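S.K.: after the sequence you'll find the predicted model.
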Amino acid sequence: MATKNKTRYAILGVLNLKPCSGYDIKKFCDKTISHFWNENFGHIYPVLKQLLEEELIAPHGQGIEERRKTYSITEKGKQEFAQWLLQPPELQPPRSELLLKLSFGNHMPKEHALLIVEEVRLRNTNNLTQYQVMEQAYCSDVNAKADPAFPYWLSSLRLGIINAEATLRWCEETLILLKGI
């Protein structure tokens, strides 16, 4: 399968769960998968238009405003989504502005480098707390546990938790290292 914009598959995946508007898709992504997948309106609406043209989605119900139109996945869209799920994930080279800046950190005041790491620590502390609350709520929800998707959703959430924990450990080590120079 040729490389395609992965936003299309995020949208098809959400619409495979239930009909949604572009706003609903963004809200779903922010609430459930933002620890590993980020979508914005600038990506969602053009891709919705493209998916509509390709007949992978269709209008659903009555939408009054353009941005509140609701869409559902078509059979053709379900087939493309299913084919994509069976493909191995493409290796994506990591991009980290944080690591890029720290790689050249000797060209900035040490206090600024420390501040950057402190901000990363705070953000990851907040993320970890949020993920743990999500995990606790999800694991104590009888209906969620009965859903066949439960282990898949939980595994992605666990990776978010483990990544946040690892980043916090890295922050502590980096702060000690930077304070020592």
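M.R.: Sure, I can see it. What you see is a predicted model; the values in this text were computed from it and never measured.
S.K.: following the chain past the lowest-mean-pLDDT helix or strand in the chain, name the next helix or strand.
M.R.: Least confident helix or strand, the chain: helix 97-103 with a mean of 90, by mean pLDDT, DSSP states H and E. Where DSSP states H and E defines the elements, the next helix or strand beyond helix 97-103 is helix 110-139.
S.K.: ok now the next helix-or-strand element following that following helix, how far from the chain's centre?
M.R.: Counting by DSSP H and E, the element after helix 110-139 in chain order, helix or strand, is helix 142-146. Put simply, helix 142-146 sits 23 Å off its chain's centre (CA atoms, centre = their mean, to the nearest Å).
S.K.: what lies in contact with helix 142-146?
M.R.: The contact list for helix 142-146, computed with CB atoms under 8 Å, 6 or more residues apart in numbering, reads 138, 139, 150, 153. C-beta here means a position set from N, CA and C on the backbone, and glycine is covered the same way.
S.K.: pretty sure residue 43 contacts residue 6?
M.R.: No. Assessed by CB atoms under 8 Å, residue 43 is found out of contact with residue 6, at 9.7 Å.
S.K.: many thanks, we can stop here.
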